[in-house]
Each structure stands twice: as C-alpha cells, then as structure tokens.
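Q: following is a predicted model, sequence given first.
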Amino acid sequence: MKFGEELKRYMELIDCSASELSKEAGMSPAAISRYINGKREPELGSGYIDRIVDALKKLASDKGVFLKREEILEDFEAGIKEKNNKYDFIDFIDNFNVLQSGLNMSNVSMGKALGYDASYISRIKKAERKPLDIDDFTERITAYLMTNYSSENKRSFIAGIFECKVDELKTDERYRSKIKSWLLEKHTDYNEIIQNFLVKLDDFSIDDYLNEDVRKIKIPTSPIIIRNGKQYFGIEGRKAAEKDFIKLTLLSKSAEPIFFFNDLPIAKAAEDEDFKNGYILAMSMILKKGLHLNMVHNIDRPMEEMILGMESWIPMYMSGAISPYYFPKKPSDMFCTSHMTSGSVALSGECLSKSQERARFYLTTKKEELAYYKAKSKYMLKKAKPLMEIYTSDKEEEFNGFIEKEDDGTLQEVSGEHFKNMNFIISRSWIAINKLLSPKIHFVIYNEKLRNAIKTYLLG
C-alpha cells in the first residue's frame, strides 16, 4: 500500500482522528490531510516520518493498542517506495527547474549540453512539454553532471543544490545514483515551514509593532572602544561580534545604509533563544533609527534555515526598510563567510564549511579598512540579484502598473485558507504575496527556489 493508505490503516487500527494525530505529531492538520489523501508524501529519512511514527506509537499506547515502532516505520517506508505512476512529472519539473537555476544555466546552454533545442527546454520548464522518455532525459542530465561537475569542489557545489552531504556523492556510482534519484523523486515537504512563515507575515501589524515594541526600545548610548580592530573566534565569538557590530552601528551618527551578507550556518546560533531574541531586538533598533538595509540572503541553505533567517527580518520587510538580494552562485565551496558594513564599522568573518567552531571574525572602525570593506560591499551588491521587489503602500500605483504589464492571461490569483489579510498572484516567473492590511504591501518573488516552495504549498 502507498504511504497515505498505510497511514489511514494505522489511524483506523488505533481509532485515531487526523486532529489527534496532528496535535501529537506537532504538525498542521493541513499537512496530515495531504498525507492521508495522497497529495503529498514525506521524504524517506525525514523528520516528518519519525514524528508521525512516534505520534502513532504514543496514541496507540494511550488507547491500549500495542504497536512496534519498527513495524510502523517499515510499512511507511515500503508505502513511500510504491507509486502508481513511475514518475510524477510535476515533481520532475520542479527538480529540473531548481537544478537549472542552481547551475545558473540559460535554456540555450542547457539545451546545447543535453542535445535539445532551447525552445524545447523552455517548454519543459513550464510543464508545457513532457519529454518522450524521462529516463533518457534524466540520463542526459546525469551524464552532463558526471562530465562537468566531477571535481571535489564541484561535487560540493552540487551537494548544496541537492541539500545532501558531500560524502553521498563521493564515488562515481553513488554520484550517478544520487543525481537520478534526486531528479525523479519527491523531496522534503516544505509546506509546514512555508505555512508558518506566511502566517507570521499575515499576522504581523506594523502599526502595533511600531506603537508597542519599537516605542519601548532604547538605543544604546554607552560607547565601545575599538582602537586597532578586534578579533573573535568560534560560535560564541560570532554572537559577540555581531552584537558589537550592531551596537557600534546604532551609536554612530551615520545614516548610510547597512550591508549584510552571511552564509554561515545559523542553526547553532538560532538554538540560543537569547541570541535570537537579541537579533530581533537589534532589527527593531535599526528600524527605529531609520536605517536602510541591503541584505544578500544565502539561498543555498536548506529551506528550513533559509526561512528561519527570513523570519528575523519580517519587521524590516513590512516597513520596506530592506532591499533583499541573493547570489546566483555560492561565492565559495570551501569557506563560509560573513561580511557586514555600515557607516562606521565593518565586520568580516569566515570559517571552513565543515568547521564553524573554528570561525574567525574581525571588527574594525579604522578609516582605511572601513573604506576597503565598503568597496567590497558595493562590489558584492553589483553581483547580487533581487530576491524580491517590495512595493509599499506608497508604491501601489507602481505595483498595479507592473501587474497590468505582466498580465498575459496566465496569471493565477489564489487565496490561502489560513490567511485573513493575504492573497497571492502566481506567474510563470514570479509570485506576488499581497498583504492587504497592516500594512498594505506587495512582495514580488523572483527567486526560483523560494517561489517554487510557495507555489507547491498553495497549489499542492
């Protein structure tokens, strides 16, 4: 039986409702409903399967039904592997689009590499044309990657796209197998992550935030003396360095925009509630001071980390005080880097990709060094692409003009069931998130990875 059928069988066996299961598993009722109805399946080895298995085991025990965890898990894994159709074409298209975007290849260059016409590749990307033989199409992609992305550094880059460990691509046999399975299988269900993020956007009120939260904030006045620069090390050093950067920025009289880029992993730092809350407070202080932020997001993170990072910036998004960008290609496969500048201070840091415990950070206010780091920020910004365009309420006419220009008869308007103040417009190349109240604001998202995740959540 398929996963959804196995799930229904176990729920009937222990007389468990979808509501009970969602509550015990800590998942949304909508996610459980999709699993039961066969609209979605969790990925093998994902935390979602473990949460459902543990929840069923606990509910069964509470109701006096004895079940073995190993047997439940074995049945679920067997169900996930069983499919009525050999491949889900829409999943394949989503995966192909993510791959092409990650490799930053045009339809012309991708078509040339695979032996197809550019217009044919374009129609496949839009799901207007299905390859006659998906196996053959996948073999061509696999052969291309095996030929052109065989070095250790390039396999590390591909691992970033696949969101897997480099060791999984170590041998040619494992590399080939991973490419084919990644293209042809359904991946992690991001619906709950996306839903939580969008609900926070929907619930956020800039007026309440400014009146209640920001009004109470006191910008620090006690000085920090940095004469010859200051060095910091490790995860704790990172927290201290970023805290000092923010404080020096707020103490400065400069009104220059702030530049942020950070592709260091954030999961460890986010586990520290004090640090996470302090970061949100810092953003509030920046907003209160009226500074603008040019933020280059790292989209090569796992989706969970990417969304977790974006949640911290919601007040900045809602006020229009942020211009979000991303790099089409990861700057380095060997190192993770941090680069932040403001009118008065610069913070630069790096660590080996696999060892953030050995990270090193350098904070400086020296005039010559600050000029260098500002020039670097300017150069990085030129190399970045807009993650999204933000239309605040004073740009409503500009947004309407954009929609009128883009309306080719294929735009799709969607109202999400979980939202009271938001709706969405889906295009072939962007998604607009329209917040109608508190404040009225529009986010037009171009980045393929993010808009595909939102589109999948909205349309299933």
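A: It's in.
Q: give me the buried positions along the helix or strand in which Cys351 is found.
A: Applying DSSP states H and E as the criterion places Cys351 in strand 346-352. For strand 346-352, burial by neighbour count (16 or more other Cβ atoms under 10 Å) applies to Ala346, Leu347, Ser348, Gly349, Glu350, Cys351. No exception for glycine: its C-beta is placed from N, CA and C like everyone else's.
Q: I'd like the residues you listed as a markdown table, with pLDDT appended.
A: A markdown table is the format used below for the buried residues of strand 346-352 (pLDDT from 0 to 100):
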| residue | pLDDT |
| --- | --- |
| Ala346 | 96 |
| Leu347 | 96 |
| Ser348 | 96 |
| Gly349 | 94 |
| Glu350 | 91 |
| Cys351 | 87 |
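Q: strands along the stretch 351-460 of the chain, start to end?
A: Counting by DSSP state E, counting those that start in this stretch, the stretch 351-460 of the chain has strands at residues 355-364, 385-386, 388-391, 412-414, 422-426, 431-435, 441-445.
Q: would you turn those strands into JSON lines with mean neighbour count and mean pLDDT?
A: JSON lines is the format used below for the strands of the stretch 351-460 of the chain (neighbours: other Cβ atoms under 10 Å; pLDDT from 0 to 100):
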{"stretch": "strand 355-364", "mean neighbour count": "18", "mean pLDDT": "85"}
{"stretch": "strand 385-386", "mean neighbour count": "14", "mean pLDDT": "88"}
{"stretch": "strand 388-391", "mean neighbour count": "21", "mean pLDDT": "91"}
{"stretch": "strand 412-414", "mean neighbour count": "12", "mean pLDDT": "91"}
{"stretch": "strand 422-426", "mean neighbour count": "18", "mean pLDDT": "94"}
{"stretch": "strand 431-435", "mean neighbour count": "22", "mean pLDDT": "94"}
{"stretch": "strand 441-445", "mean neighbour count": "22", "mean pLDDT": "94"}
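Q: adding distance to Ala321, write these out as TSV.
A: Below are these laid out as TSV (distance: least, Cβ to Cβ, whole Å):
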stretch	distance to Ala321
strand 355-364	23
strand 385-386	16
strand 388-391	9
strand 412-414	28
strand 422-426	20
strand 431-435	15
strand 441-445	12
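Q: who wins for proximity to Ser377 among those strands?
A: For those, proximity to Ser377 was assessed by Cβ to Cβ; strand 355-364 is nearest, at 13.5 Å.
Q: for Lys165, list the residues it contacts.
A: Ala159 (Cβ atoms under 8 Å, 6 or more residues apart in numbering).
Q: where does the stretch 1-150 of the chain have low pLDDT?
A: Across the stretch 1-150 of the chain, residues meeting the criterion (pLDDT under 70) sit at 1, 43-46, 79-88, 90, 132.
Q: try 80 this time
A: Flagging of the stretch 1-150 of the chain using pLDDT under 80 yields the residue ranges 1-2, 38-47, 77-91, 94, 97-98, 101-105, 125-130, 132-133.
Q: before we move on, back to that, how far off centre is the strand holding Cys351?
A: 22 Å (Cα atoms, centre = their mean, to the nearest Å).
Q: and that strand, which strands flank it?
A: Here strand 346-352 has these sheet partners by DSSP bridges: strand 335-341 (antiparallel), strand 355-364 (antiparallel).
Q: could you export these as CSV, including distance to Ser122?
A: Formatted as CSV, those follow (distance: least, Cβ to Cβ, whole Å):
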stretch, distance to Ser122
strand 335-341, 35
strand 355-364, 40
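Q: which stretch among the ones you listed comes nearest Asp167?
A: Per Cβ to Cβ, nearest to Asp167 of these: strand 355-364, 15.4 Å.
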